[in-house]
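Colleague: test case, fold it:
(2 chains)
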Number of protein chains: 2
Amino acid sequence: MEKASRNVVILTIGAAFVGIGIGVIIGWFSRVPDPLPSWTSTVENQIKDLDESVIYRYFDNVQASSIRENLQYLSNEPHMATTEGDENLVKHIDALWKTQLDSSEIVSHEILLSFPSEDQENEPNVAEVYDDADQLTFATRTTEEVYNEYMAAPENIVPYYNAYAPAGDVTGQLVYANFGSESDFAFLADQGVELNGSIALTKYGRVGRGARTINGKKYGVAGVLVYSDPQEYALDGDTGYPDDFSLPSSGVQRGSAMSEYGDPSTPQYPSIKSAYRTPTDEITYFPVLPLQPIAYEDAEELIRRLNYNDTLVSEGWSTGLNGGELNVGPGFSDGGKIRLSVNNKLRYVTSQNVIGTIRGSTEPDDWVIYGNHRDSWVYGAVDPSSGTACMLETTAILQELLKYGWRPKRTIIFASWGAEEFGLIGSVEWAQEKEFLLLDRAVAYINVDIAVFANLSFFTRASPLLTTVIKAAAEEVEDPVDSTKSVFNSWMEYYPGPDSDTPYIGKLYSSSDYAYFYNALGITSADLSYRGNASEPRYQISPYPTYHTGYDTFDYMDRFLDPGFLAHETVCKVSGAIMLRLADSLIIPFDVMAMAKFVESQVLVTQNNYDAYFDEAKLRYLQEASDLLKANAMDMVNYIENELDRENVLDIAAVNNRLRRFEKSFIEPLGLPGQINNKHISGSNYGPEDGSFPSIAALLSGVSTASTEVKTTAEKQLAMITYRLLNAASILKMT
Amino acid sequence: MEKASRNVVILTIGAAFVGIGIGVIIGWFSRVPDPLPSWTSTVENQIKDLDESVIYRYFDNVQASSIRENLQYLSNEPHMATTEGDENLVKHIDALWKTQLDSSEIVSHEILLSFPSEDQENEPNVAEVYDDADQLTFATRTTEEVYNEYMAAPENIVPYYNAYAPAGDVTGQLVYANFGSESDFAFLADQGVELNGSIALTKYGRVGRGARTINGKKYGVAGVLVYSDPQEYALDGDTGYPDDFSLPSSGVQRGSAMSEYGDPSTPQYPSIKSAYRTPTDEITYFPVLPLQPIAYEDAEELIRRLNYNDTLVSEGWSTGLNGGELNVGPGFSDGGKIRLSVNNKLRYVTSQNVIGTIRGSTEPDDWVIYGNHRDSWVYGAVDPSSGTACMLETTAILQELLKYGWRPKRTIIFASWGAEEFGLIGSVEWAQEKEFLLLDRAVAYINVDIAVFANLSFFTRASPLLTTVIKAAAEEVEDPVDSTKSVFNSWMEYYPGPDSDTPYIGKLYSSSDYAYFYNALGITSADLSYRGNASEPRYQISPYPTYHTGYDTFDYMDRFLDPGFLAHETVCKVSGAIMLRLADSLIIPFDVMAMAKFVESQVLVTQNNYDAYFDEAKLRYLQEASDLLKANAMDMVNYIENELDRENVLDIAAVNNRLRRFEKSFIEPLGLPGQINNKHISGSNYGPEDGSFPSIAALLSGVSTASTEVKTTAEKQLAMITYRLLNAASILKMT
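Modeller: Residues are numbered from 1 along each chain as shown, chains lettered A, B, ... in the order given. Predicted coordinates:
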């Protein structure tokens, strides 16, 4: 080829290549991709799982010092339910949450509470000793000694009383009756002590406040005194706060003496304006005798004055007062009588819950609820403000996370409950008001009441369903004492559980605001706190010496329970992590196998303990139902792990709906026999705890020969439990 | 430019263009579009709305002739619950559905039924007249005359009886007691008739079967006879089937005389093997006296023999027998006594439901249930096989639609219920067994029991929520008589409603299998049928003359009720369209405004009728709750129409969850006062129907002075209703 031609060829080929190059670019860019359907970003968001870094960012923000500041503010003045101190905190929390969260509202209920008379001069609650000439020789004090500036506004300290104890003015012989149990009174009666018309002096512990009046009334007792004995409320050698951890001699534990929870005037229904109110004289949950708590310095004086009677000092009865010498009476060694005046008054008042909400991004109808009560008896630094201090730290941090664009999949509801101390009233009335929504929408309820009893170990009472999520949270938080360990390690050490890989998780009681959510609605719940070593004497004092007294102050927490506030910080981290996992995991992190195994253990105990009461076939059907529950739980775990299409929004929802509904299938809507708030066939807390099902245990435990009626009721319960377990098993089935 | 150069330029440019062309093609095709996320087709399916053509394809397939064939097969032999005839149909339907639907299963329950003695020779149910010399002068017949080949296997016709009437052998004076109402007996007693130990002859109508024994027992009556009077069961001049539409002289209406529904041995719980069984002697739902239905030819003979007593013939008492001359007695004109022997026996037997399922494509957990009972008293061509014939036509057509690729969004469950005639037992026990699932998953329950009472007009009893969907279905189906009209037009004509655009929709009773679903679980329900013109005499015979007799045959339907089976075809179309709309609409087609308006009307009646019983404030709160319900319903309608993102699967689910849960919020889990199955605050059917709320009406309607106890119960009910309405309002809120 000649050169010119070659050049032309080269030029032509070059032009063609340049052309191809340009063409490719044109071709590439002129092909506009098919637009993605508009809902793709929506779906991407809907199928997104928990971002673990959110939890670590949360941890990084929790500060002991902030919680300490919160607590100082919260326990600054007495804030008994519905008093000015309480209302101030309502405003404070609502204002905070209005800034921190998406919304906050104050939800009020008109409820029936019980207070000492406002006319303390003429109508105090007091026990007085009159000699045979009717001269007053002694009177009990009515409120605590004020020691320091942490006891601000002492005029607002409520006088010693037990809420709902009926007013009364009774005079009689004093007799010492130990804890006021039925067997304590029986012992006295057996020994020939005339109890009719007597006033019983009893010490706190073992027996409920109101129950001791019921026990005493059976024996003709006319009134009951109760005090905290140093044996239970002080360590050897201690003189008490402000010098040390123990209860000083004028510290008196207040408390409600109602036998049921919720507003006593509206059982089973919320205290809304349209509610029917039971006339107060028809309410059956109140103590049946005048009942009054007194200081142990006054109890000591009374014991000192009582007649000594060797045969009456029952084996096991003892006191830390009067040098350990227990005089039981009846009557005083120098004659005379004791007069008990109780002037409590029932009053309808307005109690407020503060409800703050972070709206869920993709599943706003799924509610994760975090609650803590706000009301105290006096300053309530430990009970409940330690919990509130943590909760407010959590909401403050979530505000930061929201600012950075985070939003939970599910709605998180924060609740500051009112009037818990009177009988969980704020939470019960709110839950009853929202009952139909909660039965569908609630995923879980997390309760932190007293956040810190002591600073040694994490402790929880919880539904078995929360086993894995609580463990996961405890594993990712550092132990506050030893940074080489996790919270899980020390929890395992101090509270070992039945399995080698699971610490002890207690059964939920009815002792805080989770009670109605769990026992009546079957909402999966946990109660979280930091505690001491149950084997050490100081932690056997229950729950801590100044509980419900005027000495439960910020200073007490700061110096004796959690100096440095690291236990608070830890509870705040663990509870936050649990909440975030529940609110933000694609699949609700419920441990269905743990629930199935718990039920299996209850079936086993029922079979072992009560086979004499039931047909063999009926016990076998119970077993079969439990087996089916376990098999279906296992199938569901396998389905979630191996089969679930994690890109199919409705398939994910189908799993979550089952998980959210699961524990609610343990609810018997008609209630367990004789119970209005206990409806959870497996988790309800009443009657003896023998490891079987609550209603079976309540009917048959410790009964030597059951009546036909009791046996029939037990048979009905067994059938009902079997049926509910079959329902529970069926809800887990995916197809 | 010289030519060679020009050529080079042209060549170069040409090459460049060719290059560009090639490049564009390469560029275009080498740009592989971003693949759509794998879940896009899933989501497209999830957000797809009802394809109306499916409904028209369904209509095109419904054939009167097929339904007629179905009916002929189904009513071929007696198929009383749990008899061989019933079991044959169980196998037939299950086998059909196993081919037609995704799956079918037979669900059995061990239930307590009541039957005549199997030893008819020695233990018949009979009334005998003995003269003063104790000679038998007359005995009632025990079963129908057999007329034709449509009464096949007549040996399997169950003898006349009322189920659950207790066995007994009583002898006494016969007295005529009209309908056996309390006022009928009171009238006799007022006139000085000795009722103690008497046998009362009563006619069907007005008073329930068992209720007449309760009324009689109050006056000392020892036994009750009941018969169908030609006045109520025959047209003037008719001789009865097989010649005409009326009841012939040996036709006897059987029926259950139990006062409650569901297996009487397991109230509130399912009859599963683990169930607790109430001992039969403790069951309180049974008639309290021997009770026996007799033929009107025998009733005539008894009336003929009774003493005539002018003053005893109460105004309004009358008969179509004995030439219209009513002898009331007491006693026979020629002396003697009547002896009533009832030999019914309670028996535990196995009843079967057949449950067929079409699994929903995208929302398989949402259940639309379509049910019809299978058991008859004798041949049951009308009751219930006319319904079954339609149901089997529907399932056959759906099989075709499934073959062509259609699948409903939601799961459709077909149910062939057993033992309805004894007290809705099959459906109640199934619903109780699945209760926890149903409370969450059931969207609606559609019942077709007797499909065709007469061939004039569509008729329905339904929850107000179904108003629009029933109207829509009735509008799209052609009237079987006049093709220029729709079913809606003739329905509107014969059953005009209170509004100009809505025909009459009756309140749901407890008369068929929807009862437990609706009254106890709050599952939105409808009962559908074709009926006559209520103003024509022949349709005032209730519900049709041969009801529950041996003459309810295929031939009777074919010749007298629906010749040509076009009414059947119409019911099949309308019920199918309702079901398809419920199962396949993107948004469940519930009319929340109709429900809110219905409640509003109940509030108005309560205010008008019972203001004397309630605080003004309490009635105002009720009104406020109703207003809120209406406002929220309106908001929801607006939200669905204007705001809902129909491409967001979870937003759609949020609406549907609310709609599915809505009517369940009308359930009071503790039951209405004294009721075990009636829990629907607004829809329950018991007590007088005065347009207020059922429990309020039951307590206060027609009561001149209510006792304090009744007033208190009513106050509690008013508060409970207000509370439930607030819950109902809250469930509709979208945020």
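Colleague: burial check on the closest residue to residue A:177 other than its chain neighbours, number of neighbours?
Modeller: For residue A:177, ignoring the flanking residues on the chain, the nearest one in space by C-beta to C-beta, 6 or more residues apart in numbering or on different chains is residue A:200 at 4.1 Å. For the C-beta atoms, the positions are set from N, CA and C on the backbone; glycine is no exception. Number of residues near residue A:200 (other C-beta atoms under 10 Å in any protein chain shown) recorded here: 31.
Colleague: pick out the residue in the stretch 351-500 of chain A sitting closest to chain B.
Modeller: residue A:436 (4.0 Å; C-beta to the nearest C-beta).
Colleague: on contacts alone, who are the packing partners of the helix or strand where that residue lies?
Modeller: Secondary structure assignment for residue A:436, by DSSP states H and E: helix A:435-441. Secondary-structure packing of helix A:435-441 (3 or more C-beta pairs under 8 Å, 6 or more residues apart in numbering or on different chains; DSSP states H and E): strand A:363-373, helix B:649-662, helix B:708-732.
Colleague: just the ones you listed: most buried one?
Modeller: strand A:363-373 (a mean of 25; mean count of other C-beta atoms under 10 Å in any protein chain shown).
Colleague: now that one against helix A:649-662, angle please.
Modeller: 30 degrees (axes from the mean of the first three to the mean of the last three C-alpha atoms, to 10 degrees).
Colleague: return the distance of the next helix or strand after strand A:363-373 from the chain's centre.
Modeller: Counting by DSSP H and E, the next helix or strand C-terminal to strand A:363-373 is helix A:386-403. Computed by C-alpha atoms, centre = their mean, to the nearest Å, the chain-centroid distance of helix A:386-403 equals 19 Å.
Colleague: what residues sit buried inside helix A:386-403?
Modeller: A:386-398, A:401 (16 or more other C-beta atoms under 10 Å in any protein chain shown).
Colleague: same deal with stretch A:6-20?
Modeller: Buried, per 16+ other C-beta under 10 Å, within stretch A:6-20: A:8, A:11, A:12, A:15, A:16, A:18, A:19, A:20.
Colleague: isn't there a strand covering the third one?
Modeller: Same thing as residue A:12. No: using DSSP: H, G, I helix; E, B strand; the rest coil, the assignment for residue A:12 is helix, not a strand.
Colleague: that one reaches residue B:18, doesn't it?
Modeller: No: between residue A:12 and residue B:18 there is no contact under C-beta atoms under 8 Å: 9.5 Å.
Colleague: which residues of chain A score low on pLDDT?
Modeller: Flagging of chain A using pLDDT under 70 yields the residue ranges A:1-2, A:4, A:33-35.
Colleague: so what are the domain limits for it?
Modeller: Per the record, chain A has its domains at A:52-112+A:347-584, A:117-343, A:592-732, by automatic domain parsing.
Colleague: got the residues of the stretch 151-300 of chain A near chain B?
Modeller: Within the stretch 151-300 of chain A, the positions adjacent to chain B are A:268, A:269, A:270, A:272, A:273, A:274, A:275, A:276 by C-beta under 8 Å from any C-beta of the partner chain.
Colleague: so of the buried residues of stretch A:6-20, which ones are in helices?
Modeller: Secondary structure assignment by DSSP state H places A:8, A:11, A:12, A:15, A:16, A:18, A:19, A:20 of the buried residues of stretch A:6-20 in helices.
Colleague: wait, which of these is closest to chain B?
Modeller: residue A:19 (2.4 Å).
Colleague: how about the contacts made by the nearest residue to the closest one once chain neighbours are set aside?
Modeller: Among residues not flanking residue A:19 along the chain, residue B:19 sits closest, at 2.4 Å (C-beta to C-beta, 6+ apart). Residue B:19 makes contact with A:15, A:16, A:17, A:18, A:19, A:20, A:21, A:22, A:23 under the criterion C-beta atoms under 8 Å, 6 or more residues apart in numbering or on different chains.
Colleague: the same query, at a cut-off of 7 Å, please.
Modeller: A:15, A:16, A:17, A:18, A:19, A:20, A:23 (C-beta atoms under 7 Å, 6 or more residues apart in numbering or on different chains).
Colleague: residue A:679 too?
Modeller: Per C-beta under 7 Å, 6+ apart, neighbours of residue A:679: A:519, A:520, A:667, A:668, A:669, A:671, A:672.
Colleague: of all these, which two lie farthest apart?
Modeller: The span of the contacts of residue A:679, defined through C-beta to C-beta, is set by A:519 and A:669 at 12.9 Å.
Colleague: the two - which one has more neighbours?
Modeller: residue A:519 (27 against 17).
Colleague: I'd guess that one is in a strand, am I close?
Modeller: No: going by three-state DSSP, the assignment for residue A:519 is helix, not a strand.
Colleague: that older thread, so the residue nearest to residue A:177 sits in a helix?
Modeller: No: applying three-state DSSP, one finds residue A:200 to be strand, outside a helix.
Colleague: is it true that it touches residue A:221?
Modeller: Yes: Residue A:200 is in contact with residue A:221 according to C-beta atoms under 7 Å; the separation is 5.0 Å.
Colleague: in CSV: the ones in helices among the buried residues of stretch A:6-20, plus distance to residue B:662.
Modeller: Shown next, in CSV, are these (distance: C-beta to C-beta, whole Å):
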residue, distance to residue B:662
A:8, 83
A:11, 79
A:12, 77
A:15, 73
A:16, 71
A:18, 70
A:19, 68
A:20, 65
